[in-house]
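J.: Okay, sequence plus prediction incoming.
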Amino acid sequence: MDPVVVLDRSEVAAPAPEPAPAPAAAASPAVPLRTRAGRALRRDAGPLALMAVPLAFFAVFFAHPVAAIVGRGLKADGGWQFGRFAEVLGRDDLQRVLWFTTWQAVASTVLTLLIALPGAYVMARFAFPGKKLLRAVITVPFVLPTVVVGSAFLALLGRGGLLDELWGVRLDTTVWAILLAHVFFNYAVVVRTVGGLWAQLDPRQEEAARMLGASRLAAWRRVTLPALAPAVAAAALMVFLFTFTSFGVVQILGGPGYATLEVEIYRQTAQLLDLSTAAVLTLVQFAAVGTVLLVHARTVRRREGALRLVDPARTARRPRGAGQWALLTGVLTTLVVLLLTPLGVLVERSFRTSGGYGLDYYRSLATLDEAGGAFLVPPIDAVGNSLEYALAATAVALVIGSLAAAALTRRAGRLTRGFDALLMLPLGVSAVTVGFGFLITLDEPPLDLRSSWILVPLAQALVGVPFVVRIMLPVLRAIDGRLREAAAVLGASPLRVWREVDLPMVGRALLIAAGFAFAVSLGEFGATVFLARPDQPTLPVAVARLLSRPGELNYGQAMALSTILMVVCAVALFLLERTRVRSSTAGEF
């Protein structure tokens with residue numbers, strides 16, 4: 001009977017050939033091919049149906065605006081100007097931008113790993129009072145808007161900053177300010193990604209190696225490091241991605257002497273109106289980021305399911321001995337100096353005025369500067385605008401991200417797996433290009449949205465979707481498919497199976513995804529700076545406008561708005577930490 005399985009219905013009555021079915025398959029190759037194609041189509045039908053809405057969303061609000069900008073920049077007189085690549089990339093000033101973008105990203109990644117890996121070990125292996133609070137504090141910088149990070153380091157390292165007052169040292173407009181700010185921003189990426197896996201590695205494996213005669217270093221190098229390598233590589237690639245496309249930090253701290261590709265794209269687009277050069281730089285950045293994302297996706301797949309993990313509660317213990325206490329003290333000192341000091345100086349500057357400490361800058365946020373101010377409305381209105389936009393963006397990101405994660409959970413072919421990398425592209429493609437693309441593509445029916453408030457949340461949701469997917473995907477993959485099958489056998493409809501089986505398991509992860517989507521939407525700047533209307537600014541746009549204008553009042557208001565934004569993000573993270581799933585399926589963050 002086995003050979004008949006691969007035959008067409010008209011051949012079922014024919015005598016079954018002797019044991020080897022291969023000749024029969026070779027005699028009618030089209031039939032098995034059609035069979036395999038049909039099976040592949042049925043296998044992909046479910047994921048493709050779930051992918052329909054996310055694909056449509058990305059096609060309309062990501063691929064179309066980016067393609068439109070590139071097309072306008074590289075097409076002239078009905079033809080493509082591919083010669084612009086050699087012309088643009090041959091310019092000395094742009095070669096310096098490309099070189100600086102690359103080497104500062106590499107330096108930032110290496111420096112972040114060196115500083116954050118000890119913190120990952122401490123958070124994974126040590127148990128101490130206040131650990132949950134510390135985990136939330138570590139994550140706060142990652143969800144802060146880049147303009148707030150720039151403001152904090154400007155208050156610490158810039159003219160009149162803490163270092164300038166104490167020792168007469170200024171580091172703004174230097175590469176050191178950029179590198180330190182990048183470490184501040186990405187510290188949580190390494191601690192949460194590497195530390196999350198490290199906490200679930202069974203320490204008895206390393207102990208067994210030591211019992212067999214290996215030294216502590218040799219046991220760590222041969223047992224623990226290979227297990228951690230995929231997570232370290234994933235964290236490094238994520239840090240590289242974020243620093244390679246850095247915008248707000250470099251814009252505020254770098255001054256005119258330093259520019260990344262993202263900053264240069266903004267300058268060519270918004271200031272020089274040279275769309276041709278901006279298009280070439282966008283494609284160069286896209287190619288570089290695409291390569292990084294492919295490596296990142298492969299690293300994540302290697303990490304998932306490749307190790308035997310244990311409950312993190314079984315691996316953490318109180319520090320023992322002087323060495324471990326010294327390590328814990330060193331990590332805590334690093335956190336105070338690197339993470340808390342910039343934020344503390346930011347808060348302090350928001351209260352310090354020329355007449356002493358007070359609430360003057362906060363009170364002035366409620367008034368409109370009639371003498372040619374930076375706003376058409378009182379700056380405090382930016383708080384309400386940002387909250388409304390972020391809530392709408394979170395709702396969109398949850399719907400799109402949940403559908404995408406559900407599609408990626410199903411077994412499917414290369415098309416579905418390639419969809420995973422596509423979802424990460426908005427984190428690496430120029431947000432400036434996306435924002436400007438919105439303006440020139442969504443301005444006519446049936447999608448005439450240029451004057452609509454929904455334009456900003458849609459752009460922000462593009463950044464939130466990858467976080468929703470990365471958090472939801474491990475949880476959905478961890479659900480035993482037999483539970484769904486059992487519910488279906490007992491007569492439950494697909495909707496009831498989802499409500500009774502999936503939802504209780506992913507509910508808390510969904511809250512975590514919502515928290516991250518809300519925080520990153522609240523701080524999105526690159527696209528929003530093009531889309532926010534003058535009478536409806538967001539907090540990051542308002543901070544950037546104030547910092548670009550001279551005067552003590554503008555600087556103080558920028559510090560006050562940055563503090564408000566920091567507090568909102570911190571509250572969201574603390575609430576998120578309280579609902580954090582304790583199992584290994586809680587997602588990367």
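T.: Looks like it came in fine.

J.: now the longest helix along the chain, how far from the centre of its chain.
T.: Using DSSP state H to define each element, the chain has its longest helix at helix 92-125. Counting by CA atoms, centre = their mean, to the nearest Å, helix 92-125 is centred 16 Å from the centre of its parent chain.

J.: same for it, what does it pack against?
T.: Packing partners of helix 92-125 (3 or more CB pairs under 8 Å, 6 or more residues apart in numbering; DSSP states H and E): helix 83-89, helix 131-143, helix 175-198, helix 225-244, helix 261-266, helix 275-303, helix 321-334. In this view, the C-beta of every residue, glycine as well, is placed from N, C-alpha and C.

J.: So for the last one, what gets flagged as buried?
T.: Spelled out, that is helix 321-334. For helix 321-334, the neighbour count (16 or more other CB atoms under 10 Å) marks 324, 327-328, 331, 334 as buried.

J.: Quick check: next helix or strand after the host helix or strand of Val347?
T.: In the assignment (DSSP states H and E), Val347 maps to helix 341-351. Sequence-wise, the next helix or strand downstream of helix 341-351 (DSSP H and E) is strand 352-353.

J.: Setting the sequence-adjacent residues aside, check what's closest to Tyr357.
T.: Nearest residue to Tyr357, sequence neighbours excluded (CB to CB, 6 or more residues apart in numbering): Phe351, at 4.9 Å.

J.: Please list all residues in contact with that neighbour.
T.: Contacts for Phe351 (CB atoms under 8 Å, 6 or more residues apart in numbering) come out as 357-359, 361.

J.: between those, which has the most around it?
T.: Tyr361 (24 neighbours; other CB atoms under 10 Å).

J.: Surely that residue and Gly355 touch.
T.: No - taking contacts as CB atoms under 8 Å, Tyr361 lies outside contact range of Gly355: 11.5 Å.

J.: how close does the residue nearest to Ala127 when sequence neighbours are not counted sit to Leu144?
T.: Distances taken as CB to CB, 6+ apart place Ala316 nearest to Ala127, at 4.2 Å, with adjacent residues excluded. From Ala316 across to Leu144, the span is 28 Å (CB to CB, to the nearest Å).

J.: With neighbour numbers in mind, choose between these two.
T.: Remark: of Ala316 and Leu144, Leu144 carries more neighbours, 28 against 17, as counted by other CB under 10 Å.

J.: do you know which of the helices and strands packed on helix 92-125 lies nearest Asp420?
T.: Ranking those by proximity to Asp420 (CB to CB) places helix 275-303 first, at 5.8 Å.

J.: what angle sits between the closest one and helix 225-244?
T.: Orientation check (axes from the mean of the first three to the mean of the last three CA atoms, to 10 degrees): helix 275-303 against helix 225-244 gives 160 degrees.

J.: Can you give the distance from helix 275-303 to the centre of its chain?
T.: From the chain centre to the centre of helix 275-303 is a distance of 14 Å (CA atoms, centre = their mean).

J.: remind me which residues of this structure are low pLDDT?
T.: Along the chain, segments meeting pLDDT under 70 span 1-48, 76-78, 296-314, 369-374, 410-418, 421, 478, 480, 494, 576-589.

J.: Give the buried residues for stretch 112-120.
T.: Under the neighbour-count criterion of 16+ other CB under 10 Å, stretch 112-120 has 112-113, 115-117, 119-120 buried.

J.: Equivalent analysis for stretch 519-539, please.
T.: Within stretch 519-539, the residues scored as buried using 16+ other CB under 10 Å are 519-532, 536-539.

J.: buried sites along the helix or strand that contains Ala393?
T.: Using DSSP H and E, Ala393 falls within helix 381-409. By neighbour count on 16+ other CB under 10 Å, the buried set for helix 381-409 is 381-383, 385-386, 389-390, 392-409.

J.: ditto for stretch 58-69
T.: 58, 61-62, 64-66, 68-69.

J.: same thing with stretch 420-440?
T.: Neighbour-count burial for stretch 420-440, counted by 16+ other CB under 10 Å, picks out 420, 422-439.

J.: Contact partners for Leu241?
T.: 289, 292-293, 296, 427-428.

J.: now do 10 Å
T.: Contact analysis of Leu241 by CB atoms under 10 Å, 6 or more residues apart in numbering lists 105, 109, 186, 189, 288-289, 292-293, 296, 424, 427-428.

J.: farthest-separated two in these?
T.: Within these, two members stand farthest from each other by CB to CB: Val189 and Ala288, at 18.8 Å.

J.: Just want to know which of the two has more residues nearby.
T.: Val189 (25 against 20).

J.: Could you pull out the helices in the stretch 451-589 of the chain for me?
T.: 455-478, 481-489, 494-497, 503-523, 528-531, 539-547, 552-578 (DSSP state H, counting those that start in this stretch).

J.: will you turn the ones you listed into JSON lines that also has distance to Val149?
T.: Output for the helices of the stretch 451-589 of the chain, formatted as JSON lines (distance: least, CB to CB, whole Å):
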{"stretch": "helix 455-478", "distance to Val149": "16"}
{"stretch": "helix 481-489", "distance to Val149": "42"}
{"stretch": "helix 494-497", "distance to Val149": "44"}
{"stretch": "helix 503-523", "distance to Val149": "9"}
{"stretch": "helix 528-531", "distance to Val149": "16"}
{"stretch": "helix 539-547", "distance to Val149": "11"}
{"stretch": "helix 552-578", "distance to Val149": "9"}
